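Engineer: structure, please.
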Amino acid sequence: NELFLDSAQERKNLVSLAKNLGYSIRGKTAATVKLDVNVTYPVIGSDTANVEFVLLKNSQVTTSDGTRFETTSDIDFSSTSNRTVTINDDVTNVSVSGIEAINGDTKIIDVSIQDPIPFLKVTLPDPDVLEVVSVTSSDLNTWYQVDYLAQETQFYGIQNTDSISSMIPYILSLRQVPRRFITEKDENNFTSLIFGAGTVTTSDSDFIPNPSDFLLPATIRGVEDGFVIQTIDPENFLNTGTLGATPNNTTLTIKYRTGGGIISNVAADSIQDFSNLLMKYLTNISSSASQRNQTEGSISVSNTFPASGGEDEETNEEIRMFAAGSFAAQGRVVTIQDYIVRAMTMPQKFGAPFRVQARRDPDTDFGVEIIVLTRANDGTLTKAPDQLKINLGTYLSKFKPICDSLNIIDGKI
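Structural biologist: Presented below is the predicted three-dimensional model:
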């Protein structure tokens, strides 16, 4: 029974069989939430409208039971966007709404690497890893995550500084990624990073013979020293840069986030405190350190709406069904069922719908309507957050036929 996907019962075997079909199992996904942050600071002179500090990305907020969320971007309190200012006597109250935060804890580990090891595998010490944020090495190199080790290039965005085309924030570009890795999860939901096989200090031509040496005999090439063509060792081809480089004689610094699950779908008004407040002052807004401490101490946070989008790891039956469907789709979405399977296998860091249905869009001839629902932390159904639907549309656009249009809507509860 354990040799076949449709009859295997042990999770370890199901995961292995799914990998053989090219399917990567999904771990826990993190909930997202919109925060309202309030601050009170003293009025200084006549300048009462500007709050000259920035709440930095990765500031942590927490619920009473210890569920933590991190802000996803810097929040400039001097900006008027989504900001409300109220002046009472000698203090100014400022409230900024709509601040995006995602569940999880950011952690960092260092891994020392000596001799190069082909297809080096580094297993992170924590389960429930949501994403690998970055991998850098002590030799000042950056390692990039790819879908498969043979992927030599990667798209990325460059900040657009052209004022004429300011509506486009990033310029799409393509970069070579000789230093790359893939990730995989095991049956216990631990994440491993797998690097390439080549060594960056050795050129492929040093141990791979030139094909022209095999075309003509030595006498025709005019070789007089009795040159003998070297034999080919098949193992040498595993050490080329075709599948990426492997780190050696360096220390890897791996930054990753953990958390997620249905318990991260916290209720409204449950987030009340900052557990790690990161701030940067743009100017000296207070005349004394005590006033600045008073400002920082007055910062409060709340969530008007519940967090949503968090899900637990796949069950054995879900792995069985999704692996078979993913293999049949071959990385494409053609049928209505393909859209359902592909939507349920969106990478965990972008959120996870709990239920998905697809059908022909009644308003267009070539449209597909995707209906999604998520769950609250008590297991009840709730509407999916807007960002999850945006991420789902972006993800599905990579696989859909060019003539299909997508319309992602909330399901009825």
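Engineer: what pairs with the nearest residue to residue 363 once chain neighbours are set aside across the strands?
Structural biologist: Closest residue to residue 363 apart from its sequence neighbours, by CB to CB, 6 or more residues apart in numbering: residue 407 at 7.6 Å. C-beta coordinates here come from the backbone N, C-alpha and C atoms, glycine included. Beta bridges link residue 407 to residue 369, judged by DSSP bridges.
Engineer: I'd like the distance between residue 407 and residue 413.
Structural biologist: 19 Å (CB to CB, to the nearest Å).
Engineer: so what's the residue nearest to residue 363 up against?
Structural biologist: The contact partners of residue 407, by CB atoms under 8 Å, 6 or more residues apart in numbering, come to 361, 363-364, 367-370.
Engineer: now rank these by neighbours and give me the top one.
Structural biologist: residue 370 (24 neighbours; other CB atoms under 10 Å).
Engineer: quick one, what contacts the closest residue to that one other than its chain neighbours?
Structural biologist: Closest residue to residue 370 apart from its sequence neighbours, by CB to CB, 6+ apart: residue 408 at 4.6 Å. By CB under 8 Å, 6+ apart, residue 408 lies in contact with 369-372, 389, 392-393.
Engineer: what about residue 408, distance to residue 73?
Structural biologist: Residue 408 is 23 Å from residue 73, by CB to CB.
Engineer: which one of the contacts of residue 407 is nearest to residue 282?
Structural biologist: Of all these, residue 282 sits closest to residue 370, with 42.6 Å by CB to CB.
Engineer: report the rounded mean pLDDT for the strand or helix carrying residue 342.
Structural biologist: Element membership of residue 342 [criterion: DSSP states H and E] is helix 336-344. Helix 336-344 shows a mean pLDDT of 87.
Engineer: contacts for it, please.
Structural biologist: Against helix 336-344 from outside (CB under 8 Å, 6+ apart): 318, 322, 325-326, 329, 332-333, 352-353, 356-360, 368, 370, 372, 392, 395-396, 399-400.
Engineer: quick revisit: now the contacts of residue 408 as a markdown table including secondary structure and distance to residue 245?
Structural biologist: Output for the contacts of residue 408, formatted as a markdown table (DSSP: H, G, I helix; E, B strand; the rest coil; distance: CB to CB, whole Å):
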| residue | secondary structure | distance to residue 245 |
| --- | --- | --- |
| 369 | strand | 45 |
| 370 | strand | 39 |
| 371 | strand | 44 |
| 372 | strand | 40 |
| 389 | helix | 38 |
| 392 | helix | 34 |
| 393 | helix | 35 |
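Engineer: so among these, which ones count as buried?
Structural biologist: Applying 16 or more other CB atoms under 10 Å to those, the neighbour count classes 369-372, 389, 392 as buried.
Engineer: which other helices and strands does the longest helix anywhere in the chain contact?
Structural biologist: Counting residues, the longest helix found in the chain (DSSP state H) is helix 316-329. Judged by 3 or more CB pairs under 8 Å, 6 or more residues apart in numbering; DSSP states H and E, helix 316-329 is in contact with helix 11-20, helix 336-344.
Engineer: report the distance from the longest one to the chain centre.
Structural biologist: Mean-position distance between helix 11-20 and its chain equals 23 Å (CA atoms, centre = their mean, to the nearest Å).
Engineer: show me the contact partners of that helix.
Structural biologist: Residues contacting helix 11-20 (CB under 8 Å, 6+ apart): 2-5, 8, 24-25, 184-187, 316, 319-320, 322-323.
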